[in-house]
Every structure is written in C-alpha cells, then in structure tokens.
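Engineer: kindly return the folded structure for what I paste below:
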Amino acid sequence: MILITKHLIPKGFVGITLFPFILLKKKDLKDDKVLVNHEKIHLKQQAELLLIFFYIFYSLEWILKFLSHKNAYLAYKNLSFEREAYQNENNFNYIKNRKFWAFIKYF
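Structural biologist: Numbers count the residues shown, from 1 in each chain. Reported below is the predicted structural model:
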C-alpha cells in the first residue's frame, strides 16, 4: 500500500518503506516505477526478516558503515539492503526471481 506524506519522510529522501506501507513525499512519485520497485524490494527484505530483525540489522550495519566511512550518506548507500535495492530497482522482474535473503550477497 502506498501512502503520501511529506512529514514522515526524512530530509533528502523521497520515499521510505515501513512494512506494509511505502511512504512517498509527493503523489506524483507513485508513477515512478523505479522508485516504487526499489521500495518493494525493501518490503520483501522486511518481510523476510520479520520486520524487527530488518531494523536491527539495518541499524547495526549503518553504525558500522558510518564508523568506517565517517559519512552518513556513504554509510546509507553502502548498506547491503540499499545496495540490493539500488542495483535491482530497474529490474521489474527482480522480486519475482529474487532468492530468499538475497541481500546477504551485498555485504
């Protein structure tokens, strides 16, 4: 389910996924198939990790990447979950063919 809310999206981002919702900053972003596909990959990741473990792993990995890169944006871009989503956001069949816990190969 896609919801539009400019108040819950962090500065510098246009969308986030909070299972089972995709939150977008503006209504016209619903038509951005690449963005929506990127967020759907996150929905799959969150479901596989039973939501709570997704946020635990995401947070721990971000902290480790931040300590390594000393830059919040670089830490974010190098997260395994984000690397999987960014590298496959243009492949609209990816979710159908995606293997269970596919994000692991992006560590």
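Engineer: what about the helix or strand hosting W62, average pLDDT?
Structural biologist: Using DSSP states H and E, the element containing W62 is helix 52-69. Averaging pLDDT along helix 52-69 gives 97.
Engineer: ok, now stretch 29-46?
Structural biologist: Average pLDDT, stretch 29-46: 98.
Engineer: now do the buried residues in that stretch.
Structural biologist: For stretch 29-46, burial by neighbour count (16 or more other C-beta atoms under 10 Å) applies to 29, 35-46. No exception for glycine: its C-beta is placed from N, CA and C like everyone else's.
Engineer: ok, the residue most central in space within the chain - contacts?
Structural biologist: The residue lying closest to the centre of the chain (C-alpha atoms, centre = their mean) is H42, at 4.2 Å. Listed by C-beta atoms under 8 Å, 6 or more residues apart in numbering, the contact partners of H42 are T17, F81, A85.
Engineer: which of those residues fall within strands?
Structural biologist: Mapping those onto strands (DSSP state E) picks out T17.
Engineer: and of the contacts of H42, the nearest to F107?
Structural biologist: F81 (10.0 Å; C-beta to C-beta).
Engineer: hang on, the earlier thing: as a markdown table, the buried residues of stretch 29-46 with secondary structure and distance to N90 would be great.
Structural biologist: Below are the buried residues of stretch 29-46 laid out as a markdown table (DSSP: H, G, I helix; E, B strand; the rest coil; distance: C-beta to C-beta, whole Å):
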| residue | secondary structure | distance to N90 |
| --- | --- | --- |
| L29 | helix | 16 |
| L35 | helix | 11 |
| V36 | helix | 12 |
| N37 | helix | 8 |
| H38 | helix | 9 |
| E39 | helix | 14 |
| K40 | helix | 13 |
| I41 | helix | 11 |
| H42 | helix | 15 |
| L43 | helix | 17 |
| K44 | helix | 16 |
| Q45 | helix | 17 |
| Q46 | helix | 21 |
